[in-house]
Every structure is written in structure tokens, then in C-alpha cells.
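**Q** I need the structure of the sequence given here:
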Amino acid sequence: NEGVNEGVNEGVNEGVNEVYKFISKNPGKRTPFISEQLDIPIKTLERWIKILKDRNVIEFIGIPKKGGYYKKTIDN
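**A** Model prediction:
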């Protein structure tokens with residue numbers, strides 16, 4: 001079981017990091033666009049975005065139909 005869990009967690013972390021990098025380089029995009037560009041199913045992308053939001057590194061700015069995801073900036 002340990003090897004399986006490590007493999008799954010590693011895959012998730014790689015996916016989450018890929019989404020984070022994409023949002024950092026392409027601010028303001030919504031999930032359908034990100035999903036299409038990265039070839040990730042919407043449901044998987046939504047789970048990974050939730051992880052990033054829980055880590056407080058991205059945020060959704062704007063109204064649901066027009067807004068998008070942005071990398072959070074750290075206020076000094």
C-alpha cells in the first residue's frame with residue numbers, strides 16, 4: 001500500500017504544480033481554458049485548484065462568468 005500511496009500522491013503533486021505554474025504564467029484564465037490547455041479533465045482540475053486555494057497560493061478574482069484564477073501576491 002505504501003508504494004501505491006506514494007505513486008498517487010506524487011502524481012497529484014505533479015499535477016497541482018503544473019496547474020500552479022500555468023496559472024502563474026497565464027493569469028486570469030478560467031477552468032475550461034486551463035483544462036483544455038493542459039489536457040486535464042475538469043473534475044480533476046477542480047480538485048487540484050481546491051488544493052491550491054487551500055494552500056492559499058491562488059485566488060479567483062471577478063464574477064463567476066468572467067473572472068479567473070490568479071497567483072496570490074504576498075503583501076509585505
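**Q** how long is stretch 45-64 from one end to the other?
**A** End-to-end distance for stretch 45-64, by Cα to Cα, to the nearest Å: 16 Å.
**Q** and the strands in the protein?
**A** 58-61, 68-71 (DSSP state E).
**Q** for R30, which of those strands is the nearest?
**A** strand 68-71 (5.1 Å; Cβ to Cβ). Every C-beta, even on glycine, is put in place using the N, C-alpha and C of the backbone.
**Q** so which of the strands of the chain is nearest I34?
**A** In terms of Cβ to Cβ, the element of the strands of the chain nearest to I34 is strand 68-71, at 7.4 Å.
**Q** what is that closest one packed up against?
**A** Judged by 3 or more Cβ pairs under 8 Å, 6 or more residues apart in numbering; DSSP states H and E, strand 68-71 is in contact with helix 2-25, strand 58-61.
**Q** need the residues that contact that strand.
**A** 20, 23-24, 27-31, 34, 49, 57-62 (Cβ atoms under 8 Å, 6 or more residues apart in numbering).
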